[in-house]
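J.: Build the 3D model from these lines:
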Amino acid sequence: MTITPSDKRVWLLAWPIILSNITVPLLGLVDTAVVGHLPDSRYLAGVTLGATLFSFLYWGFGFLRMGTTGLTSQAAGREDHSSVRNLLGQALIMALIIGMLLIVLSKPLIALGLWLLDGSTEATRLAGEYAGIRILSAPAVLANYAILGWFLGQQNSRVTLLIMVTTNSVNIVLDLLFVVGLGMNSNGVAWATVIADYTALGLGLTLVVRQLKRLDGHFLREQLMKVKAYQRLFQVNAHLFVRTLGLLFAMAFFTARGASQGDVVLAANAVLLQFIMLTSYGLDGFAHAAEALIGRAVGRRDWSEFSDAVRAATRFSLLTAGGAMLIFALGGNALIALLTDLPAVRDTAAEFLPWMILMPALAVWSYLLDGVFIGATATREMRNSIFVGLAAYLPLWWLTQNIGSGMGNHGLWLAFTAFMLVRSLTLGGYYLYYRRHYWRSAASTA
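T.: Modelled structure (predicted):
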């Protein structure tokens, strides 16, 4: 197979993101190991609840990364360096405002989130203490999203790896210092994360200053101070925010319906969802690469470059999905055994393993096309795909539970798989339409 220049560009952008993704579970393992060795299991339960709350909360504001990437890559493609600068300023101002609002509203937000998670009384109390500390890093976390999106939009993904490795390294060292060295408990884990987040922000801003010295153009006061100047950023991000809420709902519904079938099914589903997480490490890397390359091509109105980027990202994504399917088919039971040593959970997860073997073939398209649409800032279509997917997901789940004796957890997996498939098909339909009518040169249109 011939390796094209577009293949090389996709790989150079993707590998740092893939490596940075791999560092995330490492931190989770260290947090679990440190707190798990405390004399009372309630501390581990509290950290688990609190960390889950913040995973959902911060994921909801992931639009600050995605929207900034798409708009910045298009501005860079147009060689509009003033817009590249101003997009950074606007994204950081939005991150600061949202982060401060989260701190101000932290008590009701944390109370609501922990009520929804429905942990034990003592675990919820400790999770509330943990969350009250963690929320202090909200401005830093959201600003880091904006910085990472800005650099990726300029086809610099190595910053992602540098910032993630720094964040997680500082976090791990402070975990050990505060909990093992100073005798703190779950509050020590929270403070370690807060300090690590602000350390990452300091590094990110240092890299930003260095990059700004290389950029032409100027910051424009009216672009930063007037609300009207944020219209495009608001529009793109609003669609992404709703899209993310829809994804969160789909995942929460899946978890809740699994929980209603008992602890063993809940645990087995949680194990199998880790398979999706493992696949996403690779697929996300190539989707992010597509965002930067597609955005640049759209900004330059270079539809040949657009096609090359889509083809290269597709090749890598399909190779990743195919590899994941092969690994799950041949070694799925071994992976399950690695993730749990509970016989009942292992047996139940093995029963539903075929769904995971199928999943990468269906999900790959939604990951890939998300990258294409983010780069093209066609975020309304991404939002719509979630609505269409949910319109298939929820009725199908109801039918599988209420026809005959019901399909139980197989019905839940069928509905969730249909959600992924319908979403991919919807994005595919949008892509073909826009490719035929808009994302092509005037000469080919004529």
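
J.: Heading C-terminal from the strand or helix carrying Val24, find the next helix or strand.
T.: Element membership of Val24, judged by DSSP states H and E, is helix 5-36. Under the assignment DSSP H and E, the closest C-terminal helix or strand after helix 5-36 is helix 42-59.

J.: just the helices in the stretch 301-446 of the chain please.
T.: Assigned by DSSP state H, counting those that start in this stretch, the helices in the stretch 301-446 of the chain fall at 303-339, 343-351, 353-375, 379-402, 408-437, 442-445.

J.: Buried residues, the fifth one. List them.
T.: For helix 408-437, the buried set under the neighbour-count rule, 16 or more other Cβ atoms under 10 Å, comprises 409, 411-427, 430-431, 434. Placement of C-beta: from N, CA and C, glycine included.

J.: can you give me how far it is from the chain middle?
T.: Centroid displacement of helix 408-437 relative to its chain, using Cα atoms, centre = their mean, to the nearest Å, is 19 Å.

J.: Compute the inter-axis angle for that helix and helix 303-339.
T.: Orientation of helix 408-437 against helix 303-339 (axes from the mean of the first three to the mean of the last three Cα atoms, to 10 degrees) gives an angle of 170 degrees.

J.: Measure how helix 408-437 sits relative to helix 343-351, angle-wise.
T.: 40 degrees.

J.: Let me know the average pLDDT across helix 408-437.
T.: In this model, helix 408-437 has an average pLDDT of 95.

J.: by contact count, what packs against that helix?
T.: helix 231-259, helix 263-300, helix 353-375, helix 379-402 (3 or more Cβ pairs under 8 Å, 6 or more residues apart in numbering; DSSP states H and E).

J.: Tabulate the CA atom coordinates of the host helix or strand of Leu109 in PDB.
T.: Per DSSP H and E, Leu109 falls inside helix 106-117. The C-alpha trace of helix 106-117 is given here as PDB (Å, rounded to 0.1, in the frame of the first residue of the first chain):
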ATOM      1  CA  SER A 106     -21.100  24.600  42.800                       C
ATOM      2  CA  LYS A 107     -23.200  23.700  45.800                       C
ATOM      3  CA  PRO A 108     -26.500  23.100  43.900                       C
ATOM      4  CA  LEU A 109     -24.700  21.500  41.000                       C
ATOM      5  CA  ILE A 110     -22.800  19.100  43.200                       C
ATOM      6  CA  ALA A 111     -25.800  18.300  45.200                       C
ATOM      7  CA  LEU A 112     -27.900  17.500  42.100                       C
ATOM      8  CA  GLY A 113     -25.100  15.500  40.500                       C
ATOM      9  CA  LEU A 114     -24.500  13.300  43.600                       C
ATOM     10  CA  TRP A 115     -28.300  12.900  44.100                       C
ATOM     11  CA  LEU A 116     -28.500  11.500  40.500                       C
ATOM     12  CA  LEU A 117     -25.500   9.200  41.100                       C
END
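
J.: Please point out which parts of the next helix or strand after it sit buried.
T.: As assigned by DSSP H and E, the chain's next helix or strand after helix 106-117 is helix 121-134. The neighbour-count check on helix 121-134 (16+ other Cβ under 10 Å) flags 123-124, 126-131, 133-134 as buried.

J.: Please apply the same query to stretch 386-393.
T.: Within stretch 386-393, the residues that count as buried by 16+ other Cβ under 10 Å are 386, 388-390, 392-393.

J.: still on that earlier bit, and the angle for the helix holding Leu109 with helix 121-134?
T.: 140 degrees.

J.: List the contacts of His218.
T.: 82, 85 (Cβ atoms under 8 Å, 6 or more residues apart in numbering).

J.: and it, which of the three is it?
T.: Three-state assignment for His218 (DSSP: H, G, I helix; E, B strand; the rest coil): coil.

J.: how far away is Leu220 from Ala75?
T.: 13 Å (Cβ to Cβ, to the nearest Å).

J.: swap that for Val310, sorry
T.: 21 Å.

J.: Then Arg257?
T.: Counting by Cβ to Cβ, the gap from Arg257 to Ala75 is 43 Å.

J.: Which one's more surrounded, the two?
T.: Remark: of Arg257 and Ala75, Ala75 carries more neighbours, 23 against 19, as counted by other Cβ atoms under 10 Å.

J.: was I right about the more buried one contacting Arg85?
T.: No: taking contacts as Cβ atoms under 8 Å, Ala75 lies outside contact range of Arg85: 9.1 Å.

J.: Around the nearest residue to Gly332 once chain neighbours are set aside, how many other residues sit close by?
T.: Excluding the flanking residues, the one nearest Gly332 by Cβ to Cβ, 6 or more residues apart in numbering is Leu353, at 4.7 Å. Look at Leu353: counted by other Cβ under 10 Å, it has 20 neighbours.

J.: For Leu353, which residues are in contact?
T.: Contacts of Leu353 (Cβ under 8 Å, 6+ apart): 272, 328, 332-333, 336.

J.: Buried ones among these?
T.: For the contacts of Leu353, buried by 16+ other Cβ under 10 Å: 272, 328, 332, 336.

J.: Flag the shaky bits of this protein, pLDDT-wise.
T.: Scanning the chain for pLDDT under 70 picks out 1, 25-33, 35-42, 118-119, 442-446.

J.: how about 50 then?
T.: For the chain, residues meeting the criterion pLDDT under 50 lie at 444-446.

J.: Pick the one among the buried ones among the contacts of Leu353 closest to Ser20.
T.: Phe328 (23.5 Å; Cβ to Cβ).

J.: Run a quick neighbour tally on the closest residue to the closest one other than its chain neighbours.
T.: Sequence neighbours aside, Ile357 is the residue nearest to Phe328 in space, at 4.8 Å (criterion: Cβ to Cβ, 6+ apart). Residues within reach of Ile357, counting by other Cβ under 10 Å, total 17.

J.: so who does Ile357 touch?
T.: 325, 328-329, 332.

J.: I'd like the residues you listed as a markdown table, with distance to Leu105 appended.
T.: Putting the contacts of Ile357 into a markdown table (distance: Cβ to Cβ, whole Å) gives the following:
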| residue | distance to Leu105 |
| --- | --- |
| Met325 | 43 |
| Phe328 | 41 |
| Ala329 | 47 |
| Gly332 | 43 |
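
J.: Could you pull up phi and psi at Ser157?
T.: Main-chain dihedrals, Ser157, degrees, to the nearest 10: phi -90, psi -10.

J.: That one against Ala289, yeah?
T.: Yes: using Cβ under 8 Å, Ser157 makes contact with Ala289 at a distance of 7.3 Å.

J.: the more surrounded of the two?
T.: Ala289 (31 against 24).

J.: any idea how far the more buried one is from Ala14?
T.: 4 Å.

J.: ditto for Gln235
T.: In terms of Cβ to Cβ, Gln235 sits 28 Å off from Ala14.

J.: Neighbour count: the two, which is higher?
T.: The residue with more neighbours, out of Gln235 and Ala14, is Ala14; 26 against 14, by other Cβ under 10 Å.
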